[in-house]
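**Q** Attaching a predicted model along with its sequence, questions to come.
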Amino acid sequence: MEAIHPGLRCTAFCGVDRIASGQLRHVALKARQAREAHPERPVRVFADADARLLALPLELPDADLLAWLAQPQGVPAPAQRARRPGRPRLGVVAREVTLLPEQWDWLAAQPGGASLTLRRLVDEARKVSASDDRRRAAQEATYRFMQAMGEGLAGFEAAARALFAGDFHAFQSHLASWPDDVREHAEWLATDAFVA
């Protein structure tokens with residue numbers, strides 16, 4: 001999950017109307033103004049990358065909201081450790097891997113050892129599945145947005161089924177009666193969901 005920072009790309013809605021899109025610092029101010037102008041309508045801000053709903057303190061005045069956004073949100077403070085002799089940190093994370101004995105034997109016999117072989121295998125698998133990963137991420141982001149904005153709208157369930165089935169035409173037809181801004185944003189989020 002990406003941290004909240006002022007430059008995060010996002011989109012805000014006031015009710016079913018898209019009110020702003022761009023960097024969070026600008027979108028949050030528009031969202032705050034919309035909340036003040038239309039207190040009866042829900043104001044939602046979504047991260048563009050994954051359509052997660054951002055919890056922002058829109059009740060704050062502009063200056064305080066910008067100050068809040070300037071603080072690191074969702075990023076744990078790095079632990080300060082004393083440097084020890086040995087290899088420099090390369091961002092390698094040690095975790096447990098459970099394999100059968102013959103798999104460990106095969107890994108140990110590979111040039112470079114088990115760690116290098118596992119990293120190479122993971123990199124190769126990532127390349128092979130990159131388009132599937134993009135499609136799955138687009139489906140999940142679109143569905144997350146659809147749940148937040150359109151769960152009560154006609155065709156929601158059928159549109160969700162079409163999204164995960166990869167049926168672009170059915171997806172579009174089930175969204176046809178949705179409010180324009182919501183429909184257009186859902187279609188934009190789903191761009192990679194229908195790539196074969």
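**A** Perfect, thanks for sending it. Numbering: from 1, shown residues only.
**Q** Only C-alpha atoms from now on, for both contacts and neighbour counts.
**A** Noted.
**Q** Pull the contacting residues for the closest residue to residue 9 other than its chain neighbours.
**A** Spatial nearest neighbour of residue 9, excluding adjacent residues (CA to CA, 6 or more residues apart in numbering): residue 23 at 4.6 Å. Shown in contact with residue 23 (CA atoms under 8 Å, 6 or more residues apart in numbering): 6, 7, 8, 9, 10.
**Q** what's the closest of those to residue 37?
**A** Proximity of those to residue 37 (CA to CA) peaks at residue 10, which lies at 20.6 Å.
**Q** From the contact counts, what lies against the helix or strand harbouring the closest one?
**A** Counting by DSSP states H and E, the element that carries residue 10 is strand 9-14. Judged by 3 or more CA pairs under 8 Å, 6 or more residues apart in numbering; DSSP states H and E, the packing partners of strand 9-14 are strand 17-23, helix 24-37, strand 43-47.
**Q** ok, the residue nearest the centre of the chain to residue 139 distance?
**A** The C-alpha lying nearest the average C-alpha coordinate of the chain belongs to residue 50 (CA atoms, centre = their mean; 2.2 Å). According to CA to CA, to the nearest Å, residue 50 and residue 139 sit 10 Å apart.
**Q** How much space separates the nearest residue to residue 12 once chain neighbours are set aside from residue 182?
**A** In space, and not counting its chain neighbours, residue 12 is closest to residue 45: 4.2 Å by CA to CA, 6+ apart. Per CA to CA, residue 45 is found 13 Å from residue 182.
**Q** And the next helix or strand past the host helix or strand of residue 119?
**A** Per DSSP H and E: residue 119 is located in helix 113-128. Scanning forward in sequence from helix 113-128 by DSSP H and E, the next helix or strand is helix 130-150.
**Q** ok, and what's touching that following helix?
**A** Helix 130-150 is contacted by residues 16, 46, 49-52, 156, 160, 163-164, 178, 182, 186-187, 189-195 when judged by CA under 8 Å, 6+ apart.
**Q** How about it, which residues are buried there?
**A** Using 16 or more other CA atoms under 10 Å as the test for burial, helix 130-150 gives 135-146, 149-150.
**Q** Now render those as TSV, adding pLDDT.
**A** Formatted as TSV, the buried residues of helix 130-150 follow (pLDDT from 0 to 100):
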residue	pLDDT
135	92
136	93
137	94
138	95
139	96
140	96
141	96
142	96
143	96
144	96
145	97
146	96
149	94
150	84
